[in-house]
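J.: Have a look at this prediction, sequence included:
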Amino acid sequence: MGFLDEKPIERLAIRVKRVQDKLLAENAPERFEKGYRAFISAIDQETPQRRWPAAIRWAVSLSVAATAVFALWWIRTDRATTLSFTVGHEHTPGTVGGWITAPPDKSVPVDFSDGTRLALEPNTRARIGLYQLTAARIVLEAGSARVSVVHRERVQWRVDAGPFSVRVTGTRFKVSWNPELQLFEVTLREGAIIAEGPVLNQGQTVGRGQTLRVSLPRAMALLASTNALPSYRDWVASMRSDANKDRDNESKFTSEAQTESRRKRANGSDVRWMELAEQGHYEAALGAAEERGFHRLCRSLGVASLVRLAEVARFAGRVDRTEEALLVLRKRFPKHRESAIAAYTLGLAAFDQKRDYHEAEKWFEVYLRQQPSGPLAREALGRLMEAQYRLGRKPNAKHTARRYLDQYSDGPHADIAARLIDE
């Protein structure tokens, strides 16, 4: 027989197992101290043939205590870093990866189990992707969201808005993304954030009370005090106005003065729908467009206003009018960059409103052919993968998933792509 008797070691192993089983029980945190003391007492009461030296008994006790503490830490860490969330004022349990759409007339709250809160403003579309233990992700496809993140150790929150990403710990901010005009904005209330994406090079830190605005068409980024800038809505309106002046009648007029002159001569009902749209009254705006003649507007508006008309119809819930405006745009302006954006938007309308995944697949592929490296390529590829999966084309979907991960390993659809490949 060696220095240590084998029977006490066997009894120790059995007791260690029992303590670990108790630690893993549902009420382990409350029973930890009592169980640990009982375990140590039981060891001391054992009567082996040879009493262990005090140093050996102390080392064993220390080892058991370390094991118990680690198990308890694991339980508490696992529970503390597993997030769940509810959607709406009725607190409906949320589904990871499912899309959430706020209606035109009200916002939609999303509440997380750790106290983090998200408010999707009207006409906003987003989904939630949770990564246990390390990170949580919000994907903002279009619209605006107010975010209040509760800081937790080792957990990194991230908001993806189009091709932009906002990385945060504990903070309050508002983020907006307009895919039609390709405009991004983030306003920080508290904390600190880093925004990454096109035009921002290695990323841009945004401080408290600051707003970062980015226009992809102009390759322009502006960081300034929030109080010194016009509102996001006014900024979007001014960009649309500039776009109208620059492009709406480029095939008929050669100067901005001529374009402005023609706009002033237009019948008041021609611009009434635009005014209503800027106020967020999309159903009324569509009604005004119908009064003037929706078909006539589609044939006469310039490319930027035609994009806006399609947006109004989409927000008003009229997928037929949305498609009409976008199809006319693609026919009249086939070489314009908005033609590709129209294809992407047609894919969204088919996917989200019509549930026609065949048509959605077609339009997302069209966009990727026209702009394989465009600002919406990542989103189009992710949506293409989703459409193929819903059509039951798993080989195609897996191929697209691998393609997505090869190009955008940290993209907003990366979690879905990884799960799909593992099926």
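T.: Looks like it came in fine.

J.: Run through the stretch 101-250 of the chain and note the low-pLDDT ranges.
T.: In the predicted model, the stretch 101-250 of the chain carries pLDDT under 70 at residues 131-135, 154, 169, 237-250.

J.: Sketch out the helices for it, chain order is fine.
T.: Counting by DSSP state H, counting those that start in this stretch, the segments of the stretch 101-250 of the chain that form helices are 232-247.

J.: Could you give the number of residues near residue 101?
T.: 16 (other C-beta atoms under 10 Å). (C-beta placed from N, C-alpha, C; glycine too.)

J.: Give me the spatial nearest neighbour of residue 98, chain neighbours excluded.
T.: Nearest residue to residue 98 in three dimensions, chain neighbours excluded: residue 127, at 6.1 Å (C-beta to C-beta, 6 or more residues apart in numbering).

J.: how about the one you found, what does it touch?
T.: Contacts here follow C-beta atoms under 8 Å, 6 or more residues apart in numbering; on that basis residue 127 touches 97-100, 138-139, 141.

J.: So in terms of bridging, what pairs with it?
T.: On the basis of DSSP bridges, residue 127 is bridged to residue 99, residue 139.

J.: next one: residue 215
T.: Residues in beta-bridge contact with residue 215 (DSSP bridges): residue 183, residue 220.

J.: try residue 166
T.: Note on residue 166: beta-bridge partners by DSSP bridges are residue 159, residue 195.

J.: Let me know whether it touches residue 173 as I believe.
T.: Yes. Assessed by C-beta atoms under 8 Å, residue 166 is found in contact with residue 173 at 7.3 Å.

J.: Find residues that contact each of those two.
T.: By C-beta under 8 Å, 6+ apart, residue 166 and residue 173 have these common neighbours: 186, 193.

J.: if I pick the residue nearest in space to the middle of the chain, what's in contact with it?
T.: Centroid-nearest residue in the chain, with C-alpha atoms, centre = their mean: residue 139, separated by 0.7 Å. Neighbouring residues of residue 139 by C-beta under 8 Å, 6+ apart: 126-129, 159-160, 412.

J.: Could you measure from residue 396 over to residue 220?
T.: Separation of residue 396 from residue 220 (C-beta to C-beta, to the nearest Å) stands at 38 Å.

J.: what do you get for residue 195?
T.: Between residue 195 and residue 220 the computed distance is 14 Å (C-beta to C-beta).

J.: So for these two, which sits in the more crowded spot?
T.: Using other C-beta under 10 Å, the more surrounded residue of residue 195 and residue 220 is residue 195, with 25 against 10.

J.: got a list of what the more buried one touches?
T.: 164-166, 186, 203-204, 206, 212.

J.: Turn the buried ones among the residues you listed into a named ChimeraX selection, would you?
T.: For the buried members of the contacts of residue 195, the matching ChimeraX selection, counting by 16 or more other C-beta atoms under 10 Å, is:
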select :164,165,166,186,204,206,212
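
J.: Narrow the contacts of residue 195 to those in strands?
T.: Using DSSP state E, 164-166, 186, 204, 206, 212 are the members of the contacts of residue 195 that sit in strands.

J.: Nearest to residue 382, out of those residues: which one, please.
T.: Checking those against residue 382 by C-beta to C-beta gives residue 165 as the nearest, at 14.1 Å.

J.: if I read this right, the closest one contacts residue 175, doesn't it?
T.: No. Assessed by C-beta under 8 Å, residue 165 is found out of contact with residue 175, at 10.2 Å.

J.: Please enumerate the shared neighbours of the two.
T.: Taking C-beta under 8 Å, 6+ apart as the contact rule, residue 165 and residue 175 both touch residue 159.

J.: so what's residue 182 closest to, chain neighbours aside?
T.: Among residues not flanking residue 182 along the chain, residue 216 sits closest, at 3.9 Å (C-beta to C-beta, 6+ apart).

J.: on that earlier part again, which among the contacts of residue 139 gets closest to residue 385?
T.: Of those, the one sitting nearest to residue 385 (C-beta to C-beta) turns out to be residue 412, at 11.7 Å.
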